[in-house]
Structures are given as C-alpha cells and as structure tokens.
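Chemist: no sequence for this one, just the structure:
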DNA sequence: GTGAAAGCGCTAACAT
DNA sequence: ATGTTAGCGCTTTCAC
C-alpha cells in the first residue's frame, strides 16, 4: 500500500517521482547498457553518447540505484567497521583515516558500535554480512570462536586493529596493531626509571586495557614491585570518572606517587583532580597517559604518554583492504605499527 | 573471474560457500516464500514449519541477503546520518542515542562525515540516496539550495538537527534543534551579569559557532559593549588550539576578563593555559564552555557552560523518523529542545 | 498456513 | 562503440 502513494506536498516538481536507468536510456535515445557504461566506465563510450546520457541524467534528476547494482554485481563497494564506541576519541582518528583511504579507493564506510558487548558485535556482523559488505574492519582480536568461524565461512576480507594476536588467538585474516602488553610494560618502565615505586593504574574494564595492566604489572614485578593498585572502570570510562577513582586509590594506598591512566582524557581528569587538591604534578604524584591525543599536548603540565599512531593504523587497514579487493594477493597481512613512550612534564 | 574463485585456505568447512534462501527451502522441505515468511513474519507460519526452517538456517549457516531484500521491497531499513566529524564529542552522544533508537525500531545507522564541506555533504547524500536509505539525519540547517531540492525530489524523510531554521532557510522536512543565536546571547548575559565587560570568544569557523558568536555579540552590544574579541579556528578545533588562541586575544586586548569557548574541550584547554600562567580562574579570567560534556564536570574549576541535551536530540530525531516510516502522519515535525546555562565555578 | 509466478533495477557475459 | 539476453536473491501479489 505504499509503493505508489506519494507523501504530502505534491507540487509540480520538475521530476516525476523517481527515474530508472531505462528512463534515462529512452530520453538519451540509447540502450540501457550504454547508460550503465556511461556511468561506470565513461571511457568505453563515445563522447557524443556520453554527453547525451549525462544530459538525460541531469534532466531527469536520475540517481542510480546502488542496491540493484550491488545485487547484480555482487559488490557493494561498502566496507564496514566496528568500534566499541565512537565516543572514545582514540578510535575516531583511526576511523577518519580509514574512511578517507577507502573513499579514495571508491569505497564507503559503514560504521557500527559494539558497545564493548560481544553479542552486539555478532549482531552487527550478521547484518553487515547480510548487506554483503566487501570488507570488514574490527577492533581488537578477542572475537568469539563463533564469530571467527562465521567470518571465515563468509570469506570476506577482514582486518583486525588495535592489538596483536594474543595467544591462543590467531588473526582472522589481516591485522594492523601493536602490543598492548608491551605498551603497558613500557609505561611501567618509564615510571620506574624515574624512581617511582608505588604505582597505580586507572583504565576501562576492557580487553586492551587489561592487557596493558598485565604488562604494567609484569614490568613492576620484574623490579620487585608487586603491589600495583588498579581501578577498572566499566566502559565507557569518562573523564569525570578519573577524580573519584584516584581518590579510591589514595584511600587504599596514600603513598602512591605515580598513576598510569589508560587514555589521555582520563589522565587529564587526574590532572584536574590534582589541581583541585593543590597537589603539584609530578611533585606529589606523576601522571602518565595513553594515546597521545591533542589533550596530552594541551594539558598543564604537558602529559607524558604512550603514543599510538592512530591515523596510520586506519590508513594501513584501508590499504590492506583495498589491495585485497583489487585482487592483489601478496603484500603484508600482519603489521605491527608499534608505539612510543613520549616523556613530557607530567612524570 | 572472481565470482567462483575461493580465497586461500579451503579446508573442509561445514558450509559449501554461501547458501541462498532456496537452499534453506529445499533443506527444510518447504517453499521459498515460506522461508521468507519464517524470517520476516514468524507469526504467519506454523510452529512446526518455523522450527524446520530455523533448523535449516542453522545447519546451512544461512545469512539473508539484505541487498536482494531491499531491492525487492524498496525498503532498506537503513537510515543515514551526516555529521561534520565524529572526532567532535558533542556529536557522538547524539549519534549514539540516534543509533540506539533506530536499532530498537529495526533500523540501522549509516554514518557519513562531511568534514564541514558542503561538497562532501552533497556527495554523501548522493550515495545515500543511491542506496535508497529510508531516512536521513543532517547536522545544521545550512544545506545548499541544490541539496534541498534534491532531497525534496527524492521524497525521503529528513531530520535536521542542532539548529533551528535561521531565515531565510526553511526546514527541509522535520527538525529537532535549538537556537544557537539565543544560546550565544545567554552565554553573554551570564558573563555580563557577573560583571564582566571585556569579553572574548573562541570557536570554530563554522555555521553554528558563528551564530553563537552573533548572539554573543548582540547581547553584549545591547549592554553597550561593542568590542568582543573573537578567534575563529578553522575546523577541526582541537583542545590544543585553545591556549595559543587565548594568547592571541590577550596580546590584542590584555584587559579581557571573560572568554566564551564554543565547546567544553576548548574551554578545558583555556583552563590548562591559565594553570600554566598561574592565573586564577575566575579571579583573573572567567571561562565559559558549551555543551556540558563530561569534562565540564571534571575540570578544575568546574566549568560553567551551556547545557545541550544531546542524547535527547538524537532520540527525538530517531523517534520522528520511526513515526514517519511507520506511516504516522501527525506528530511534531519541528522541535525546539532548548538549552540551559549551567553556572559552576569557572565564572 | 502455504505456494507459484512475476518482477525490483541493475550488471555480466556474449554478441554485433 | 553499442545492443541483447539472462540473471543477482529476494518480496510481493494472488491463488489455493
């Protein structure tokens, strides 16, 4: 009952509803295939016909139906990406670079949020596969066995990001990331090198954050320090969680002199809390962040942090996908982009 | 040459490539239509057949081809949204709430970034219309006449967000927003009421920010203050732009005692700059933000700001769209959700 | 409650 | 350089 019913205002608009490719063909006085070619492979059409077709398209306000095209060609020109949340700034640069790289290659990005829930991730993958996306970019490598199986069966190119394969997990297909374990370790070593012995950790209760905590603890233990206070925040971890969590840590262990926060915004929250208490940083307590977001360079004092090249990660993910989609079969399928400890004033 | 070629590892996987609905039908011993019904309208199928169909789906690992479904039904169950950038936290809560509301209604969100460029917005709309999205959510109401015309011709439900219609612009279809002009005005009045006379503004060089500046200036002028220093940052405006811009303002006009920042993160950047200079806030300078993000409640001092109910905006946008898509013809099509000045410690 | 036939709007061979 | 013939995998009448 809706296919023919026009919505409300039905003024004398230039175009009569929605034109199809055959309408364009008729108007231009050519066949339907020629129109298809004029749109998709303009070189294979004579200049005159091309002009005629373009005029007809313009005149009719024709918008190609990409759904029909996808069905016929079994290529959607869509790549889907799943991130835990778009409200976390660490992901947005990766996504922006990915979207840009894909766009330059003629693909569009479909974005889904898992909310850190495995069930949601599975549901998203289902609809993405249902839409026959040409590729998939996932965050982390903690996907459930069921999900892995489904992806392999579907045969879609997949890129995992933001982590390296942590045994026993194998890469599903391609991967670009870094070792979160080593990053946590490096953060601890940085603080230990500066003489801190009473360490604390604030992060989200989530896979990659847990890995960094594990590395952080391992490095501390290697130097004989076993008591690392940790506060894990149920995601999303927001900046206004930082102050109260720091308070919790200090209530349990007042002598803490250094805290590693699992993203720079959380670290900025800790800085604000210190300002509130009138505590000098790093005099009373050293603060280290993660990510090297813009806030790390803007904070006072400037934040020491672990830099992740987030944009590069998105770009590489996009390139790997484009290479695979264009039929290239060689090229890397596992990239460790590493990380770098950046020492600034807060430690 | 690729339709039949299988990628690399071709182990004895349970499923032979990709099952179609007819395969499910054959396996379940029913007709294809029945499978379609079992998936889309389970009530209209007997419990036994339903069970049989579900078993077959499970066994074959069948994933419905939504592209084919969309083509046949001319409904995509996709709503697209365009935001300037996902790297700006003010948009993410709106988008998250929108995505959630739509998901509850059985629709998926396709996200596009315009990068604040009108040309990109047009290109995005083109591909979205090409994919026959069922609805569209746009940011702001400064769309070009060409874009407006295209949207009206296509007849898709459209919701504009984050602003009210500013003459001569009419709403394209539906709208949920607030007056950026009035919000800027209210911010100025708040600062004026606290006795400030030398005012400054830091914001992005972008439509809504400009409107807020206009309102800010108008309210100041109404009280006899004509010299409002403004710094407009070419988007994206990041937190580390704040300090340098404040410095610029002070270099031109050292007696400035209050600055209105066009988002809370920028305001946090100004707070950090003040900490750096050893300036008391609001003693030496008052700082006001916009949005009421989490950072406003976490900063030191707590930020006075203009609160926008961003999640509600996304939810309302989703509801309007769902109502329209389900055939409801009444209901509101223009909602002013307002704003609220929140006075905290920074002013 | 279930099925048979027709077609959504395009692209992919294969001609010419 | 252009056209013809077949589908892509579903949903929709309409019939039983």
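Modeler: It's in. All values derive from a computational prediction rather than experimental measurement.

Chemist: what about residue A:154, neighbour count?
Modeler: Using other Cβ atoms under 10 Å in any protein chain shown, residue A:154 has 19 neighbouring residues. In short, each C-beta sits where N, CA and C put it, glycine included.

Chemist: residues in contact with it?
Modeler: Contacts for residue A:154 (Cβ atoms under 8 Å, 6 or more residues apart in numbering or on different chains) come out as A:129, B:18, B:63.

Chemist: ramachandran angles for the last one?
Modeler: Right, residue B:63. Here is the backbone geometry of residue B:63 (degrees, to the nearest 10): phi -120, psi 110.

Chemist: close to chain B, is stretch A:267-280?
Modeler: Yes - using Cβ under 8 Å from any Cβ of the partner chain, stretch A:267-280 reaches chain B at A:268-269, A:272-273, A:275-276.

Chemist: mind listing what's buried along that stretch?
Modeler: A:267-275 (16 or more other Cβ atoms under 10 Å in any protein chain shown).

Chemist: nearest to residue A:262 among the residues of stretch A:267-280 next to chain B?
Modeler: residue A:269 (11.6 Å; Cβ to Cβ).

Chemist: helix or strand: which one has the nearest residue to residue A:110 once chain neighbours are set aside?
Modeler: Closest residue to residue A:110 apart from its sequence neighbours, by Cβ to Cβ, 6 or more residues apart in numbering or on different chains: residue A:80 at 4.2 Å. Residue A:80 is located in strand A:78-83, with elements delineated by DSSP states H and E.

Chemist: so, in contact with chain B or not, the helix or strand just after that strand?
Modeler: Counting by DSSP H and E, the next helix or strand C-terminal to strand A:78-83 is helix A:89-104. Yes - residues of helix A:89-104 contacting chain B under Cβ under 8 Å from any Cβ: A:89, A:92-93, A:95-96, A:99.

Chemist: and the residues of stretch A:267-280 next to chain B, which two are furthest apart?
Modeler: Every pair of the residues of stretch A:267-280 next to chain B checked by Cβ to Cβ; the farthest is A:268 and A:276, at 12.8 Å.

Chemist: sorry, back to before: from the contacts of residue A:154, which is closest to residue B:195?
Modeler: residue A:129 (61.5 Å).

Chemist: what's the helix or strand for the closest one?
Modeler: Using DSSP H and E, residue A:129 falls in helix A:118-130.

Chemist: and that helix, what does it pack against?
Modeler: With contacts taken as 3 or more Cβ pairs under 8 Å, 6 or more residues apart in numbering or on different chains; DSSP states H and E, helix A:118-130 sits against strand A:78-83, strand A:108-113, strand A:135-139, helix A:145-154.

Chemist: of the contacts of residue A:154, which one scores lowest on pLDDT?
Modeler: Across the contacts of residue A:154, the smallest pLDDT goes to residue B:18, namely 81.

Chemist: what's near enough to touch that residue?
Modeler: A:154-155, B:63.

Chemist: one more pass at 6 Å, please.
Modeler: Not one residue lies near residue B:18 by Cβ atoms under 6 Å, 6 or more residues apart in numbering or on different chains.

Chemist: for it, helix, strand, or coil?
Modeler: The three-state assignment at residue B:18 reads coil, by DSSP: H, G, I helix; E, B strand; the rest coil.

Chemist: hmm, back to that, distance of the residue nearest to residue A:110 from DNA strand C?
Modeler: 20 Å (Cβ to the nearest atom of the strand, to the nearest Å).

Chemist: what about that residue, neighbour count?
Modeler: So residue A:80, with other Cβ under 10 Å, has 24 neighbours.

Chemist: ok, now the one 3 residues further on?
Modeler: A count of nearby residues for residue A:83, using other Cβ under 10 Å, gives 25.

Chemist: that one reaches residue A:139, doesn't it?
Modeler: Yes - using Cβ atoms under 6 Å as the test, residue A:83 is close enough to residue A:139 to be in contact (5.2 Å).

Chemist: what does chain A have sitting close to DNA strand D?
Modeler: Remark: the part of chain A in contact with DNA strand D comprises A:1, A:3, A:30-34, A:37, A:44-46, A:48-49, A:68, A:71-72, A:74, using Cβ under 7 Å from any atom of the strand.

Chemist: one more time with 6 Å, if that's ok
Modeler: Contact residues (Cβ under 6 Å from any atom of the strand) of chain A with DNA strand D: A:30-31, A:33-34, A:44-46, A:49, A:71-72.

Chemist: which one of those is nearest to chain B?
Modeler: Chain B has its nearest neighbour among those in residue A:71, at 5.0 Å by Cβ to the nearest Cβ.

Chemist: double-check that the closest one belongs to a helix.
Modeler: Yes - counting by three-state DSSP, residue A:71 is located in a helix.

Chemist: from residue B:112, how far out is the nearest residue to residue A:120 once chain neighbours are set aside?
Modeler: Leaving out its chain neighbours, the residue that sits closest to residue A:120 by Cβ to Cβ, 6+ apart is residue A:114, at 4.7 Å. Separation of residue A:114 from residue B:112 (Cβ to Cβ, to the nearest Å): 20 Å.

Chemist: before we move on, what about residue A:284?
Modeler: In terms of Cβ to Cβ, residue A:284 sits 46 Å off from residue B:112.

Chemist: now stretch A:335-347: mean pLDDT?
Modeler: Stretch A:335-347 comes out at a mean pLDDT of 98.

Chemist: what of stretch A:48-56?
Modeler: 95.

Chemist: for residue A:36, grab the count of nearby residues.
Modeler: Neighbours of residue A:36 using other Cβ under 10 Å come to 18.

Chemist: now the terminal residues of stretch A:163-178, how far apart.
Modeler: Using Cα to Cα, to the nearest Å, one end of stretch A:163-178 lies 5 Å from the other.

Chemist: what's in contact with that stretch?
Modeler: Contacts for stretch A:163-178 (Cβ under 6 Å, 6+ apart): A:140-141, A:148, A:151, A:158-162, A:179-180, A:208, A:313, A:316-317, A:320, A:333-335, A:337-339.

Chemist: would you map the helices across the stretch 151-300 of chain A?
Modeler: With DSSP state H, counting those that start in this stretch as the criterion, the stretch 151-300 of chain A has helices at A:180-193, A:207-222, A:239-252, A:264-277, A:294-298.

Chemist: after the last one comes which helix or strand?
Modeler: So that's helix A:294-298. Helix A:294-298 is succeeded, C-terminally, by strand A:304-307 (DSSP H and E).

Chemist: which elements pack onto that following strand?
Modeler: Packing partners of strand A:304-307 (3 or more Cβ pairs under 6 Å, 6 or more residues apart in numbering or on different chains; DSSP states H and E): strand A:286-291, strand A:340-342.

Chemist: thinking again about what came up before, dump the contacts of residue A:154 to CSV, plus distance to residue A:241.
Modeler: Shown next, in CSV, are the contacts of residue A:154 (distance: Cβ to Cβ, whole Å):
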residue, distance to residue A:241
A:129, 35
B:18, 45
B:63, 39
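
Chemist: which of those lies closest to residue B:242?
Modeler: residue A:129 (43.6 Å).

Chemist: so where's chain A uncertain?
Modeler: A:1-17 (pLDDT under 70).

Chemist: spell out which residues of chain A are next to chain B.
Modeler: Residues of chain A lying near chain B by Cβ under 6 Å from any Cβ of the partner chain: A:7, A:13, A:15, A:61, A:63-64, A:66-68, A:70-71, A:86-87, A:92, A:110-111, A:129-132, A:153, A:155, A:238-240, A:269, A:272, A:275-276, A:294-295, A:297-300.

Chemist: done for today, thanks.
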